[in-house]
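J.: the following block contains a protein sequence and its predicted model.
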Amino acid sequence: MRLFNYRTWFTGALISNVGAWMQSTALSWTVLTVLTENDATAVGINMALQFGPQLLLVPVSGLIADKYDRRKVLLVTQSAMGVLALILGVVVTTGLVELWHVQLFALAFGIVQAFDMPARQAFVSELVGQGDIANAVALNSASFHGARLIGPAVAGVLIALVAPGPVFLINAVTFIAMIVALLRIRRSELQPSPRGAKGFGDIVEGFRYVRKRGDLLIVFVMAFILGTFGLNFPIYISTMTSVEYRADASTFGILSSAMAIGSVTGALLAARSERPRWTYIIGGIGSFVLACVFAALAPSIWVFGVALAVAGFTAQLFMTNANSMVQLTSAPEVRGRVMALYGAVFMGGTPIGAPIVGWVADLFGPRSGILVAAATCLIAFVAGAIWWARARRGDRMTRTGTLTLPPATESVDVVK
């Protein structure tokens with residue numbers, strides 16, 4: 001936070017993230033209770049439309065992040081998402097909204113987000129430099145989930161008191177904060193990475209690079225399983241709220257914020273480490289499995305709220321350390337493409353997992369949907385633990401699980 005550019009970025013992102021969480025809450029609740037009659041599958045399809053483009057567009061989105069000025073890319077994507085949120089807010093507020101309107105919005109928003117995410121992730125290294133990446137990634141996570149403390153709760157109250165429409169309009173306004181922050185950043189103080197991509201022929205280099213890195217591959221596998229089946233909490237929380245506990249939108253917002261408390265705590269704990277730790281990556285996802293079981297069996301809404309906080313904490317330990325590890329150990333000239341791939345496997349699995357857990361929740365009840373998350377993430381934990389046990393015998397990891405980073409020249413080797 002001692003750097004002007006990072007402080008400016010952090011402030012704009014925090015305001016924008018509050019709006020994003022408000023929108024996410026209003027979107028799930030609108031589909032579940034306004035446009036359908038507690039149809040969890042419809043919520044899952046909506047999430048699939050929103051996150052599917054991140055998987056399908058990964059070759060192009062990563063290339064854009066590596067080839068062009070990332071600040072300008074972000075100005076375009078943030079402006080586009082603000083306009084989309086404004087259009088949805090007007091449609092919902094005027095009462096013209098239908099389910100296909102929301103699905104079309106989710107798809108358009110997902111396409112823009114597919115280009116925003118890798119540029120945003122890789123831009124962090126330009127703001128702070130290589131030495132502060134781990135700390136900056138953790139603070140970004142704290143900002144993202146700190147906003148989650150506020151956004152869902154405010155959205156829940158607004159929906160209960162007024163309607164979902166104004167929530168989308170407020171989110172549209174919050175994008176202005178991010179655009180202003182990008183314009184205020186001092187370009188002379190940026191630390192741009194070398195541009196490793198020149199054309200579409202360079203797309204394949206990102207895939208080659210990751211394929212040669214066993215440590216990245218195992219993180220990608222665990223992130224894929226967690227993102228595909230574990231983190232469908234808009235479905236888990238909304239269905240548990242409306243079906244199991246018969247509560248309203250304000251309770252939905254409060255429960256979402258409860259999970260954010262754990263997420264912020266996990267991000268701040270990760271921020272204290274100078275380097276990512278495998279103990280947090282493996283232990284985080286293992287503890288997340290236990291938290292999901294705890295949530296699925298929760299006898300009361302209060303216990304469910306505590307379980308959500310624990311799930312947020314443990315998932316955040318994994319996500320922050322995994323993200324830092326991928327960024328820190330990737331060569332700067334392919335970092336955009338590697339982060340696009342990481343984002344694709346982490347978020348792009350949602351089109352597969354969200355409809356499945358939504359269908360399970362509809363057929364067998366919301367608790368069964370959460371148990372799907374626990375069972376699949378247990379597989380990720382076992383796979384990661386086996387790899388970790390073997391890696392500890394190597395010379396790149398200390399007994400505490402702290403990574404010994406390879407020299408830059410080694411990680412730059414991307415040409416066959």
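T.: Alright, I've got the coordinates.
J.: hey, let's count contacts and neighbours off CA atoms from now on
T.: Fine.
J.: tell me the helices in the stretch 51-200 of the chain, going along the chain?
T.: Using DSSP state H, counting those that start in this stretch, the helices of the stretch 51-200 of the chain run over residues 58-67, 70-93, 99-128, 133-161, 165-184.
J.: what about Ala177, distance to Val154?
T.: According to Cα to Cα, to the nearest Å, Ala177 and Val154 sit 18 Å apart.
J.: for the helices of the stretch 51-200 of the chain, which one sits closest to Ala260?
T.: Ala260 lies closest, by Cα to Cα, to one member of the helices of the stretch 51-200 of the chain: helix 133-161, at 5.2 Å.
J.: downstream of the strand or helix carrying Leu328, the next helix or strand is which one?
T.: Following DSSP states H and E, the helix or strand that holds Leu328 is helix 301-329. Per DSSP H and E, the first helix or strand lying C-terminal to helix 301-329 is helix 335-347.
J.: give the other helices and strands that that following helix contacts.
T.: helix 40-56, helix 58-67, helix 99-128, helix 203-211, helix 214-225, helix 301-329 (3 or more Cα pairs under 8 Å, 6 or more residues apart in numbering; DSSP states H and E).
J.: now mean neighbour count too, for these, in JSON lines please.
T.: Output for the helices and strands packed on helix 335-347, formatted as JSON lines (neighbours: other Cα atoms under 10 Å):
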{"stretch": "helix 40-56", "mean neighbour count": "25"}
{"stretch": "helix 58-67", "mean neighbour count": "26"}
{"stretch": "helix 99-128", "mean neighbour count": "22"}
{"stretch": "helix 203-211", "mean neighbour count": "17"}
{"stretch": "helix 214-225", "mean neighbour count": "20"}
{"stretch": "helix 301-329", "mean neighbour count": "24"}
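J.: poorly predicted segments of the stretch 1-150 of the chain, please.
T.: 1-2, 58-59, 130-131, 134, 138, 145-149 (pLDDT under 70).
J.: what of the stretch 201-350 of the chain?
T.: 201-204, 206, 271, 274, 348.
J.: circling back to that earlier point, out of the helices and strands packed on helix 335-347, nearest to Leu14?
T.: Closest approach to Leu14 among those (Cα to Cα): helix 99-128, 13.6 Å.
J.: now tabulate the helices of the stretch 51-200 of the chain in a markdown table and tack on distance to Val289.
T.: Converted to a markdown table, those look like this (distance: least, Cα to Cα, whole Å):
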| stretch | distance to Val289 |
| --- | --- |
| helix 58-67 | 28 |
| helix 70-93 | 34 |
| helix 99-128 | 27 |
| helix 133-161 | 20 |
| helix 165-184 | 33 |
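J.: can you check which of the ones you listed gets nearest to Thr279?
T.: Of all the helices of the stretch 51-200 of the chain, helix 133-161 comes closest under Cα to Cα, at 15.5 Å.
J.: more neighbours, Ala177 and Val154?
T.: Set Ala177 next to Val154 and count neighbours by other Cα atoms under 10 Å: Val154 wins out with 22 against 18.
J.: ok, now which ones touch the more buried one?
T.: Applying Cα atoms under 8 Å, 6 or more residues apart in numbering, we find Val154 in contact with 22, 253.
J.: what does Ile370 give?
T.: Taking Cα under 8 Å, 6+ apart, we find Ile370 in contact with 230, 236, 292-293, 295-296, 357.
J.: highest neighbour count among the residues you listed?
T.: Result: Gly230 is most packed of the contacts of Ile370 (other Cα under 10 Å), 30 neighbours.
J.: how far away is the closest residue to that residue other than its chain neighbours from Val34?
T.: Leaving out its chain neighbours, the residue that sits closest to Gly230 by Cα to Cα, 6 or more residues apart in numbering is Ala373, at 4.4 Å. Using Cα to Cα, we find Ala373 at a distance of 26 Å from Val34.
J.: of the two, which one has the most company?
T.: Per other Cα under 10 Å, whichever of Ala373 and Val34 has more neighbours is Ala373, with 27 against 15.
J.: give me the pLDDT value at the more buried one.
T.: In this model, Ala373 is scored at 90, pLDDT.
J.: next one: Val412
T.: Listed pLDDT for Val412 reads 37.
J.: among the helices and strands packed on helix 335-347, which comes closest to Thr25?
T.: That would be helix 40-56 among these, by Cα to Cα, at 11.3 Å.
J.: can you redo the helices and strands packed on helix 335-347 as a markdown table with distance to Ser16?
T.: Shown next, in a markdown table, are the helices and strands packed on helix 335-347 (distance: least, Cα to Cα, whole Å):
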| stretch | distance to Ser16 |
| --- | --- |
| helix 40-56 | 18 |
| helix 58-67 | 21 |
| helix 99-128 | 13 |
| helix 203-211 | 30 |
| helix 214-225 | 25 |
| helix 301-329 | 20 |
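J.: tell me how far Gly284 lies from Leu341.
T.: From Gly284 across to Leu341, the span is 22 Å (Cα to Cα).
J.: look at these two and report which has more neighbours.
T.: Leu341 (25 against 22).
J.: helices and strands around the helix holding Leu328, which ones?
T.: By 3+ Cα pairs under 8 Å, 6+ apart, helix 301-329 packs against helix 133-161, helix 214-225, helix 249-271, helix 278-296, helix 335-347.
J.: pick the most buried one from these.
T.: Among those, ranked by average contacts under mean count of other Cα atoms under 10 Å, first place goes to helix 335-347 (a mean of 28).
J.: identify each buried residue in the helix or strand following it, please.
T.: Tracing the chain past helix 335-347, the next element assigned as helix or strand by DSSP H and E is helix 350-364. For helix 350-364, the neighbour count (16 or more other Cα atoms under 10 Å) marks 350-362 as buried.
J.: between helix 350-364 and helix 40-56, how big is the angle?
T.: Calculated by axes from the mean of the first three to the mean of the last three Cα atoms, to 10 degrees, helix 350-364 forms an angle of 170 degrees with helix 40-56.
J.: and the angle from helix 350-364 to helix 335-347?
T.: Calculated by the same axes, to 10 degrees, helix 350-364 forms an angle of 10 degrees with helix 335-347.
J.: could you point out the helix or strand that follows helix 350-364?
T.: Following helix 350-364 toward the C-terminus (DSSP H and E): helix 366-391.
J.: next one: the residue positioned nearest the centre of the chain from Arg213, what distance?
T.: Taking Cα atoms, centre = their mean, the centroid of the chain lies closest to Met347, which sits 6.8 Å from it. Distance of Met347 to Arg213, given as Cα to Cα: 21 Å.
J.: which residues touch Val357?
T.: Val357 neighbours (Cα under 8 Å, 6+ apart): 41, 44, 229, 232, 235, 369-370, 372.
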